[in-house]
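Student: Whatever this is, show me its structure:
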Amino acid sequence: GEEFVEVFLSEIPKRVSFFGLRIPPLPVGPLSVRRFHLLVSTERRCDDKQAECEWMRIPVSHESSFETLDRGDLQVFVLNPPVEATRVRVVCTENAARGIH
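Tutor: Next up, the predicted model:
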């Protein structure tokens, strides 16, 4: 399956209009995320089973994703339109070694 990192924001939904990631560049970070999408939830409580929560994919289209660059500084991604969320998952769909999921 796809690996993810989940961030709990608050039990009350917060507006998320941008987020930043710092990813180690190659050759230090060959397993670092390169392409990814977000899953956001507005539910107060979720367990770690994805089926127990309602998640919305960002970007909505399964043909679209975010992509990091091969550099070590903070990379900022804008969500337009912003979303309301209690938690956000960054879901890796491709790592920096390309082709390894």
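
Student: Contacts made by the longest strand that the chain contains with the rest, please.
Tutor: The strand that spans the most residues within the chain, counting by DSSP state E, is strand 74-85. Outside of strand 74-85, the residues that reach it under the criterion C-beta atoms under 8 Å, 6 or more residues apart in numbering are 9, 13-23, 38, 40-42, 56, 58, 66, 68-69. Where C-beta positions appear, they are placed from N, C-alpha and C, glycine not excepted.

Student: Tell me the pLDDT of the most far-flung residue of the chain relative to its centre.
Tutor: What lies farthest from the middle of the chain is Pro27; by C-alpha atoms, centre = their mean that is 22.3 Å. According to the per-residue confidence, Pro27 scores 77 in pLDDT.

Student: ok, which stretches of this protein are strands?
Tutor: Secondary structure of the chain by DSSP E: the strands cover 4-8, 14-22, 33-41, 56-58, 66-67, 74-85, 87-95.
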